[in-house]
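*Asks:* Sequence and predicted model, in that order:
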Amino acid sequence: MPLAFDLIVPVYNEEASIDEFMARIDRLGFRESVIFVDNASTDATVERIEHHAGVHLVRHATNAGYGASIKDGIAQSQSSAVVIVDGDLEYPPEAIPDLLAALEEHPVVYVSRFLGSGLTSMPLLRRWGNGLISRMFNVLFQQKTTDLYTGMKGLRREVVQSLALQRDGFEHVAELGVQLARRGYRIHEIPVTYSPRTRGVSKMRHVPETMKFLWIIWTGWLRIRVRRP
């Protein structure tokens, strides 16, 4: 029997992609799994979501941040696994079945743009920053990730329940990686075809966020060192 899962989709001003996203989800037969978390969009994102019956919608009254959206989505989930994917179609929904298959064997699965195709479309500075963060994370926490920044991943229910996530912004991504590593989970990766957004604008300020990521990874490692006898 396929793994039951909830699909958490954080969105902010993604009205241009919602209908195509749902059309592709429908072709996969996953409509009933979708939990949209709207981070106080100022465009017609909510209206586009409400046009699609059968999906669950969580709304933020104010812009609480990407991490807050993930946490609220997790709080609404009840299935055996959680899959997280951005709603801007940079990550293809068609990769979900492969991610679920990998979750049958691994408790944590990330999709990696660095293992798939389309990476040359990513700006060089973003590639450099992602590579730097992933290498630092690997060295400090004995992992083998290539794409810690990824916006598409899956976690089994027991993994989700072991976490104590607090970060509300994009730095949630680093906090999640650190907590997984500190709890002894190995991050398994599968390749994905990356398609840079052709509509809307990125919400991440990449240079300051990279600095936050590095700080969280470094201090997370130091806490482990301090606690050792």
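*Replies:* Yep, that arrived.

*Asks:* C-alpha from now on. contacts and neighbour counts both.
*Replies:* Fine.

*Asks:* element containing residue 216, please.
*Replies:* Counting by DSSP states H and E, the element that carries residue 216 is helix 206-227.

*Asks:* Could the C-alpha coordinates of the longest strand along the chain be exported in PDB?
*Replies:* In the chain, assigned by DSSP state E, the strand with the most residues is strand 5-11. Only the C-alpha atoms of strand 5-11 are listed here, as PDB (Å, rounded to 0.1, in the frame of the first residue of the first chain):
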ATOM      1  CA  PHE A   5       1.100  11.600   3.200                       C
ATOM      2  CA  ASP A   6       0.100  15.200   3.600                       C
ATOM      3  CA  LEU A   7       1.500  17.700   1.100                       C
ATOM      4  CA  ILE A   8       2.400  21.000   2.700                       C
ATOM      5  CA  VAL A   9       2.500  23.900   0.200                       C
ATOM      6  CA  PRO A  10       3.700  27.300   1.700                       C
ATOM      7  CA  VAL A  11       2.600  30.100  -0.600                       C
END
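
*Asks:* Parallel or antiparallel, list what pairs with that strand.
*Replies:* Strand 5-11 has the following sheet partners, assigned by DSSP bridges: strand 34-38 (parallel), strand 81-85 (parallel).

*Asks:* Now the first one: average pLDDT?
*Replies:* To tie it back to what came earlier, the one meant is strand 34-38. For strand 34-38, mean pLDDT rounds to 98.

*Asks:* outside of the very next helix or strand once past that strand, which residues touch it?
*Replies:* Downstream of strand 34-38, the first helix or strand assigned by DSSP H and E is helix 45-50. If you take Cα atoms under 8 Å, 6 or more residues apart in numbering as the criterion, helix 45-50 is touched by 11, 12, 13, 14, 15, 16, 18, 19, 36, 38, 55, 57.
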